[in-house]
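A.B. asks: what shape does this take:
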Amino acid sequence: MALKDQSVTILGAGVAGLALARALALRGARVTVMEQADAIREIGAGLQISPNGAQVLRALGLGAALEAVSCRAEAVELRDGRDGDLVTRLDVARLRPDQGWHFLHRADLIQILLDGAKAAGAELRLLQKVRRVDLSGEMPVVETCTGAQEPAQILIGADGLHSATRIALNGEAKPRFTNQVAWRTLIPCDPSEPHIAEVHMGPGRHLVSYPLRGGTMRNIVAVEERRRWTEEGWSIRDDAMELRLAFEGFGPRVQGWLEQAEDVWLWGLFRHPVAKEWYRGLPQGAVAILGDAAHPTLPFLAQGANMALEDVWTLAAMLDRHGTAGLVAYQVARARRSDRIVTAANRNARAYHLSGPLRSIAHMGLRLGGRIAPGAALSRFNWLYDYDVTKLG
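C.D. replies: Numbers count the residues shown, from 1 in each chain. Presented below is the predicted three-dimensional model:
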């Protein structure tokens, strides 16, 4: 086991960083997680863990914790936004009873990962805001905003979209605005409602909703195409009336949800390139990136957290098997699949926002296909959901 007693520093205590901390610590590494915040707080809103991500959580010994904090999905329904009529339904629970699609609050996932990392022996250091990562010497060095210099034998950047580690490896990259913005909000939900993800599609916009926390809360993400630029980031508050006006042509179910919206957050959707260089070996150390730092994706396939979990297992397995030489195999194993997922997410956005005759034709085809072959639409994504990265060992 190449990781036995190996010192590893991870930047970022998000999904990727905390999951990796547990994965490496369980394999015998001495793990330190550096996080810029002063506490691990409840941030974000809902997310989905699909079967490919759930496999990793189970392999990390967190399967029971995942079941405890999530709602198991019964189905995914695509609906016409204007009248709410069903276009097609993917009965994931009936068609794939041995697999699990989970709806959960990001904060709940972070908590089980944090508890898991600490239980495995990882150390968490807060208030560690990174100014830059220096790869010019014998080993990686993290420079914090206090001026401290922190050398690392193995440095892993799980530091998200604006990753200092990615910049050190690849230089600055300018993201491109997609001409789309997204609102997110949480509203109360009736626990007796079925656990279904609904996608309400309209010309130039769509809205996704599903239950959280035992069905007591409803997560809403609404996307609108617009030409004007909006700042990237999750921390922009918006007037709930703006969200209601953007979807005023949608059906009564959506209108009822949006009438309950109070705390509404807006962010611009930007396309970032997949990193070209995911790792680098140095004379006395190595550095690598994973998750959003390596392959940022748009949210239209709900794969951000799942891709990060796949990265975690691959990176931990390759380091344990081959030491830092395994970083080559890590990028080879992950790059092509990650690029395919990012591309599929981009396509989903276009499909949800069709208008005119093309929209009518597409919806007719989905309805007909759902009647003739109910499992066909889901089987198109076998390559995504049936993938089990834990078979790497």
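
A.B. asks: residues near Asn382, how many?
C.D. replies: 10 (other C-beta atoms under 10 Å). Heads up, the C-betas are built off the backbone N, CA and C, glycines and all.

A.B. asks: my bad, Gln255
C.D. replies: 14.

A.B. asks: can I assume Arg89 sits in a helix?
C.D. replies: No: read with DSSP: H, G, I helix; E, B strand; the rest coil, Arg89 is strand and lies in no helix.

A.B. asks: wait, Leu282 touches Leu135, no?
C.D. replies: Yes: using C-beta atoms under 8 Å, Leu282 is in contact with Leu135, at 6.6 Å.

A.B. asks: longest strand of the chain, counting residues only.
C.D. replies: strand 176-188 (DSSP state E).

A.B. asks: pull the distance from it to the chain's centre.
C.D. replies: Between the centre of strand 176-188 and the centre of its chain there are 15 Å (C-alpha atoms, centre = their mean, to the nearest Å).

A.B. asks: where does pLDDT dip in the protein?
C.D. replies: 1, 42-44, 229-235, 353-376, 393 (pLDDT under 70).

A.B. asks: output the longest helix belonging to it.
C.D. replies: Using DSSP state H, we find that the single longest helix of the chain is helix 326-352.

A.B. asks: list the contacts for Ala286?
C.D. replies: Going by C-beta atoms under 8 Å, 6 or more residues apart in numbering, Ala286 touches 140, 153-155, 279-280, 324, 327.

A.B. asks: let me have those in CSV, extended by neighbour count, distance to Pro273 and secondary structure.
C.D. replies: Listed next are the contacts of Ala286 as CSV, based on neighbours: other C-beta atoms under 10 Å; distance: C-beta to C-beta, whole Å; DSSP: H, G, I helix; E, B strand; the rest coil:
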residue, neighbour count, distance to Pro273, secondary structure
Pro140, 27, 23, coil
Gln153, 17, 29, coil
Ile154, 23, 25, strand
Leu155, 27, 22, strand
Tyr279, 22, 17, strand
Arg280, 18, 18, strand
Thr324, 20, 25, helix
Leu327, 22, 20, helix
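
A.B. asks: re earlier: just the angle between the longest helix of the chain and strand 176-188, please?
C.D. replies: Calculated by axes from the mean of the first three to the mean of the last three C-alpha atoms, to 10 degrees, helix 326-352 forms an angle of 80 degrees with strand 176-188.

A.B. asks: in helix 326-352, what counts as buried?
C.D. replies: By neighbour count with 16 or more other C-beta atoms under 10 Å, helix 326-352 contains the buried residues 326-327, 329-331, 333-335, 337-338, 341-342, 344-345, 348-349, 352.

A.B. asks: and what of stretch 88-105?
C.D. replies: Applying 16+ other C-beta under 10 Å to stretch 88-105 flags 88-93, 96, 100-105 as buried.

A.B. asks: kindly report the same for stretch 117-132.
C.D. replies: Using 16+ other C-beta under 10 Å as the test for burial, stretch 117-132 gives 117-118, 120, 122, 124, 128, 130.

A.B. asks: which one of those residues sits closest to His162?
C.D. replies: Val130 (10.3 Å; C-beta to C-beta).

A.B. asks: is it correct that the closest one is in contact with Glu35?
C.D. replies: No: counting by C-beta under 8 Å, Val130 does not reach Glu35; the two are 9.9 Å apart.

A.B. asks: pretty sure Val223 sits against Leu269.
C.D. replies: Yes: using C-beta under 8 Å, Val223 makes contact with Leu269 at a distance of 7.3 Å.

A.B. asks: so for the two, which sits in the more crowded spot?
C.D. replies: Val223 (22 against 19).

A.B. asks: could I get the phi/psi values of the more buried one?
C.D. replies: phi -120, psi 140 (degrees, to the nearest 10).

A.B. asks: equivalent analysis for Ala246, please.
C.D. replies: When quoted as degrees, to the nearest 10, the phi and psi of Ala246 stand at phi -70, psi -30.

A.B. asks: the nearest residue to it once chain neighbours are set aside: how many residues sit nearby?
C.D. replies: Nearest residue to Ala246, sequence neighbours excluded (C-beta to C-beta, 6 or more residues apart in numbering): Glu224, at 4.9 Å. Glu224 has 20 neighbours, counted by other C-beta under 10 Å.
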